[in-house]
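Student: here are the coordinates; sequence isn't available:
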């Protein structure tokens, strides 16, 4: 279950930011302000794509200080599961859509230490909202933004105007690279680091932070994980007695939703733990694709994260 | 040899065992018997460890059995600070923490009061306590806050114990505040002030 | 959804001469915490929405006949001990979130008592019962007589804990706590969920707090939850803080069969759990309802049920809740009202 009633909104603008990225603006039909939120929050967009209902989370990039509209930026992924393609191709000004109210799984630590932000590509979006809040509130921060090319460097000018010297840009095809070790070894005590971008970049930052002696509680990341595709399979639900068929490009969670089951979720990306389900019976192999369960839990086979994980084998029964 | 602290409620700090980790700098804070823990740690550290280390050692009884100053000096650490009491060590520790960079691993070892106060000082410099290594050795005497008058009493070894400010007789609970680096003391004989339970030496 | 309140506010005390009394309607609307005849800890959370009419759940932020007297008692507590309201420096934004939540809820629920009008950040708040007419700038502390948390909670019944979410845990980093059952905000401020619950016996081993934390972290805006907690108090004293324990503690031994009906109270805590939008923190209001033993006997089902609950309560829980001095006296009194027959399911009066 989305845990929350969805918001009915209207698409008020679709802006082509560059060759890969579009920005979407949403307002409430009566023009009243949308719910307040904290920088780093995301909304889950519900898309009616033919027969299929897609639900995909996107960070809010708009300023939390102005909720007359919500803005998100989406990078078109031609190899992806279709969410970004749908948004780029099918969504236009005037369309009605539904959004979940904002949820924040990538919040800044509110205490007074320095915030070190590292963004890669479209990972800039949560930092747009966070820097707006930080500029208004005060507090020390720096944003290091790596992009492949200047053309793809969305919002560099806007950010520069807003945060000035705190912005450091690295244009990949001009040979500029973020010096992660240099950054991570030179921060004052009490700094927190936040990273958002492609998975290899996040993994690299996590690894370098650890090697440089950073405690885990000072390192924060948000990864727009996608449920991986795989062989179709079937599983059963003990509580509702249903048998669910999962398609190649569909997650267990999506398959349950398509079957009318109201299953809990928050991030839909295997990171937040809210869809955690008990495995009642298993004859086969659970393919864990999440970042939530620890190694023991994964090995025990007693738990599964239906938003991203899959199964291969004779029988899987979960407690839903 | 580390002391056995009996398992208790979830707010009572639980200490571990120090072990060297990969970090850009190492900041070690100890008192008295904690010096011997540092010497044990020294047997496991990789080459170059001490070049990046700083030790703050409180030695409350020079010449006594738990005075490890000489052995600590022999480690060859570029910065070794010796203080006569925990409180006299804290301002220098605070300054070191303010100047330190992220990637500095903290190692705290020694008496309960040393661990309490060093951890509090680290937290005030913006460091999460979860990242600090701790190992207890030596005295279990406590700092206590009187919930009634808000005064702190140090070196509490008995239960119950009198508040050194308002003199109420307090039950010394295991409920602990990291912010105060103190255990909670609550009036033990409120219902009958003439009932004065015997003070038992409990935190030695 | 609003109600025309027509509340007659009482003028009563929660200390010294203890003139507190419940009118019969207030007794009937109380959130009786027992669903059945035996009590055990549970993560007894439910959604806090679409409240049942004629009960304390009707409005998400409840106002009753004790409002003005409770606010007066709060002001006295704060005069004596300002440490009962504290906010760590990073919690100011959460304080503004709290101010908005309480003002909006009160104005929507009781429009004849409270009004809120907003023009951008220029807000105008009217609290008729307390004769307050305040214009201020939302987000600017200099435009209010107190910080936002203290300002609004001096006008709202119950205690308020304001939590910061960090590192998969909740941290009690601000609060207004003047009606608590025996815990100290000054000591507990800065602790996380497990640490401030450390003194509660039995519950940790059963994994109750782990499950509760997970449920709480999933709570999002506009979807609050609630649970009920309970203890017992001698005299209708709101301020049963550890700070004053040496003053009220001795009263625990003063219950006799002759005075138990009017001097011993079931103290119910309605805890609700709200997500705060701009700070991503959480607000836990703890609203206190007191029913004397005599009040309970006016609702036959409740007298019977509470008799049975007290009779079967595990000793550790009884001791932790501080009931040892008067538990048996209460049991003996309520036994007179227990005919041994079955009680209907659910907590509401028949």
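Tutor: Cool, the structure landed. As the structure is a computational prediction, the values presented were derived from the model and not from experiment.

Student: in chain B, which segments are predicted with low confidence?
Tutor: Within chain B, the stretches with pLDDT under 70 are B:1-3.

Student: what about whichever residue of the stretch 51-200 of chain A sits closest to chain B, how many neighbours?
Tutor: With C-beta to the nearest C-beta, the shortest gap between the stretch 51-200 of chain A and chain B falls at residue A:190, namely 2.1 Å. From N, CA and C alone the C-beta is placed, and that goes for glycine too. Neighbours of residue A:190 under the rule other C-beta atoms under 10 Å in any protein chain shown: 23.

Student: is it true that it touches residue B:127?
Tutor: Yes - the pair residue A:190 and residue B:127 passes the contact test of C-beta atoms under 8 Å, sitting 6.3 Å apart.

Student: is the longest strand anywhere in chain B anywhere near chain C?
Tutor: Under DSSP state E, the strand in chain B containing the largest number of residues is strand B:169-177. Yes - Strand B:169-177 is in contact with chain C by C-beta under 8 Å from any C-beta of the partner chain, via B:173-177.

Student: repeat for stretch B:8-26
Tutor: Yes - judged by C-beta under 8 Å from any C-beta, stretch B:8-26 comes into contact with chain C at B:9-12.

Student: re earlier: how close does the residue of the stretch 51-200 of chain A closest to chain B sit to residue A:127?
Tutor: For residue A:190, the distance to residue A:127 equals 20 Å [C-beta to C-beta, to the nearest Å].

Student: got it, and residue C:177?
Tutor: 36 Å.

Student: of these two, who's got more company?
Tutor: residue A:127 (32 against 25).

Student: run the chain-centre distance for the helix or strand encompassing the more buried one.
Tutor: Using DSSP states H and E, residue A:127 falls within helix A:125-137. Centroid displacement of helix A:125-137 relative to its chain, using C-alpha atoms, centre = their mean, to the nearest Å, is 17 Å.

Student: what's that helix packed up against?
Tutor: strand A:41-49, strand A:52-59, strand A:115-120, strand A:141-147, helix A:156-163, strand A:192-196 (3 or more C-beta pairs under 8 Å, 6 or more residues apart in numbering or on different chains; DSSP states H and E).

Student: between it and strand A:115-120, how big is the angle?
Tutor: Per axes from the mean of the first three to the mean of the last three C-alpha atoms, to 10 degrees, the angle that helix A:125-137 makes with strand A:115-120 is 150 degrees.

Student: so what touches helix A:125-137?
Tutor: A:37-42, A:58-65, A:72-73, A:106, A:108, A:115, A:117, A:119, A:141, A:143, A:145, A:155, A:158-159, A:162-163, A:166, A:194, A:196, A:222, C:93, C:278 (C-beta atoms under 8 Å, 6 or more residues apart in numbering or on different chains).

Student: correct me if wrong, but residue B:41 is in a helix.
Tutor: Yes - assessed by DSSP: H, G, I helix; E, B strand; the rest coil, residue B:41 belongs to a helix.

Student: residue numbers of chain B in contact with chain C?
Tutor: Residues of chain B lying near chain C (C-beta under 8 Å from any C-beta): B:9-12, B:128, B:130, B:145, B:147-148, B:150, B:168, B:173-180, B:184, B:186-187, B:190-192.

Student: can you give me the strands for chain B?
Tutor: With DSSP E as the criterion, chain B has strands at B:25-31, B:53-58, B:79-83, B:104-110, B:133-136, B:142-146, B:152-156, B:158-159, B:161-162, B:169-177, B:182-187, B:200-201.
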